[in-house]
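Peer 1: Here is a sequence together with a model predicted from it:
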Amino acid sequence: MMLAIAAREFKTLFLSPLAWTVLAVLQLILAYVFLTQVETFITLQPKLAGIENGPGLTDIVVPPLFGNAGIILLLVTPLLTMRLICEERRNKTLALLLSAPISSADIIIGKYLGLLGLLLLAVVLVTLMPLSLLTGGVLDFGKLFANLLALALLVSAFTSTGLYMSCVASHPVIAAMGTFGLLLLLWILDWTTGIKTQRSELFEYLSILRHFQNLQSGLISSVDVLYFVLFISGFLLLSIRRLNNDRLQK
Amino acid sequence: MRLLIEAKHLYRYYGKQCAVNDVSFTLEKGQVLGFLGANGAGKTTTMQLLCGNLAPSAGQIKINGFDLLAQPKQAKQHLGYLPDTPPLYRDLTVKEFLRYCGQLHGIPNNSLPQAIAYAVARCGLNDVTNRLIAHLSKGFQQRIGIAQAILHNPELIVLDEPTVGLDPLQIREIRTLIRELGQDHGVILSTHILSEVQESCSHVQIIHQGQLILTESVAGLNKVMDTGVLQITTRLAPDIQQLLAISGISAIETLSENQIKIHHSLTDNPIQQITETIIAAGWELQELSPVKKSMEDIFIALTQDNEL
């Protein structure tokens, strides 16, 4: 039943131009970034050849591409997540789910997986770009995989935040604004770390960007993966609680 | 006999306001229970409590023997619910929507087409199965809502104002459908229209300011409604106090200077005395006509009974 909700959520996204537009815009912008990076590599190639242990094709192309994808998804995800629960509540269709023999957890996780499906599809489409380089070059697959994992975990975290905001907010736009604000705050939280005297370990740990970049560098450490797992499950649990609370007070 | 609904001492507060106050009732299979009440009396809140959309502040609800709080999945399995606004996804076709509802209620994939065909036929949706819900009229949307509630063949069907927004012909069809459903299911139906209860229900409950003030069979209701209304027009203004003194009159409303409405008892019918008083006082009777019974009269009859 959880899967039925996920499948419907995923299909509905494609019934409107929304999903198509998001995928198209994302692909267009990232293709531009990708081509610029390839161009950079070609200009730098003679110099790089001289450096021992210098950065290769994957190092020049992949991290900037995935980093930019992360920033664009930071902007896009709130727009996709805002209507998840909020709109059901406004259209009074939530009653259908609440009176069906399914738990709140089924509803939340179903909705989550449905939307995550679209975003992971976007991540796969992004990954196809560096893979196309295989026609004329060699890639560091370990590093590519690390980037793929980092971006997948990042969008999963974005989606869980958006879902929670959609449970809390009374209007989709408020949900989108809240999600965007919270994610941006967590994104820039470690900007203070540049200044040695003002270093805060707590902020450093909380910052999404830091964990994302750690993974991007090719170092898959359990600390960073665990951060994302905790982040995602935390917001999913909060969402389930929030939906349960709907029954208690209105 | 197994009780489909067993509601015990339900309370529901919105902040300090008490929307449902100590409501208890039961429902058996084969009964069609009409839940009658004015706007804001607590009908919809009670329906939401029964269907698990709202948690009661206090009290217990058992559906087909399963406690709604302790075993929500089993309890909801036996429940079909049409809220006051039909919960429809406007960007799906009727068939897609019903399919989704079926999946939510755990109907296995191989028996799904059969269940959909049954619900579609029952609610007269055959011509529109492949159309988008957004493009259908309010009447059809209401019927899709009912189809959704009976799709998984639940033992208990809860319909919140099912005939709102329908034309008279559709209302008649829906009432027939409800009577048919009542034969092998238990049905609860909320409404503020008295005739709807008299036509399609076997039992009636009246809720007023969150409290149940009457639980009766429809035959019993007619007995309880021991009240009639007369509209009287005189040429000169009548003296209300003098009229109130007549035994059998429960209330008098002044419509205008020369026009009044008298609520009176039917068993102790005071018409004779009223006319005699008016003629004797010389107010010149111009019109005296009985008014058809309405919800208001029942309320007046019932609330006054309670006060005594």
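Peer 2: The structure has been received and is ready for your questions.
Peer 1: Tell me the buried residues in the longest helix along chain B?
Peer 2: Looking across chain B with DSSP state H, the single longest helix is helix B:168-184. Neighbour-count burial for helix B:168-184 flags B:Gln170, B:Ile171, B:Glu173, B:Ile174, B:Arg175, B:Leu177, B:Ile178, B:Leu181, B:Gly182 (criterion: 16 or more other C-beta atoms under 10 Å in any protein chain shown). From N, CA and C alone the C-beta is placed, and that goes for glycine too.
Peer 1: ok, residues contacting that helix?
Peer 2: B:29-32, B:122-124, B:139, B:142-143, B:146, B:150, B:157, B:159, B:162-163, B:166, B:187, B:189, B:196, B:199-200, B:202 (C-beta atoms under 8 Å, 6 or more residues apart in numbering or on different chains).
Peer 1: got it, and stretch B:246-263?
Peer 2: Under C-beta under 8 Å, 6+ apart, the answer for stretch B:246-263 is B:227-238, B:240, B:243-244, B:264-265, B:268-270, B:273-274, B:277, B:286, B:291, B:297, B:300-301, B:304.
Peer 1: one more time with 7 Å, if that's ok
Peer 2: Taking contacts as C-beta atoms under 7 Å, 6 or more residues apart in numbering or on different chains, the residues outside stretch B:246-263 that touch it are B:227, B:229-235, B:237-238, B:240, B:243-244, B:264-265, B:268-270, B:273-274, B:277, B:297, B:300, B:304.
Peer 1: next one: that stretch to chain centre, how far?
Peer 2: The chain centre lies 28 Å from the centre of stretch B:246-263; the measure is C-alpha atoms, centre = their mean, to the nearest Å.
Peer 1: cool, and stretch A:78-96?
Peer 2: For stretch A:78-96, the distance to the chain centre is 20 Å (C-alpha atoms, centre = their mean).
Peer 1: What's the end-to-end length of that stretch?
Peer 2: Start and end residues of stretch A:78-96 are separated by 25 Å (C-alpha to C-alpha, to the nearest Å).
Peer 1: Is chain B within reach of that stretch?
Peer 2: Yes. Using C-beta under 7 Å from any C-beta of the partner chain, stretch A:78-96 reaches chain B at A:Lys92, A:Thr93, A:Ala95, A:Leu96.
Peer 1: buried sites along the strand or helix carrying A:Phe14?
Peer 2: Following DSSP states H and E, one finds A:Phe14 within helix A:2-15. Within helix A:2-15, the residues scored as buried using 16+ other C-beta under 10 Å are A:Met2, A:Ala4, A:Ile5, A:Ala6, A:Ala7, A:Arg8, A:Glu9, A:Phe10, A:Lys11, A:Thr12, A:Leu13.
Peer 1: Contacts only, for the one residue in the stretch 201-308 of chain B that gets nearest to chain A.
Peer 2: Going by C-beta to the nearest C-beta, chain A is nearest to B:Gly210 of the stretch 201-308 of chain B, at 15.6 Å. Shown in contact with B:Gly210 (C-beta under 7 Å, 6+ apart): B:Cys18, B:Ala19, B:Val20, B:Asn21, B:Gly42.
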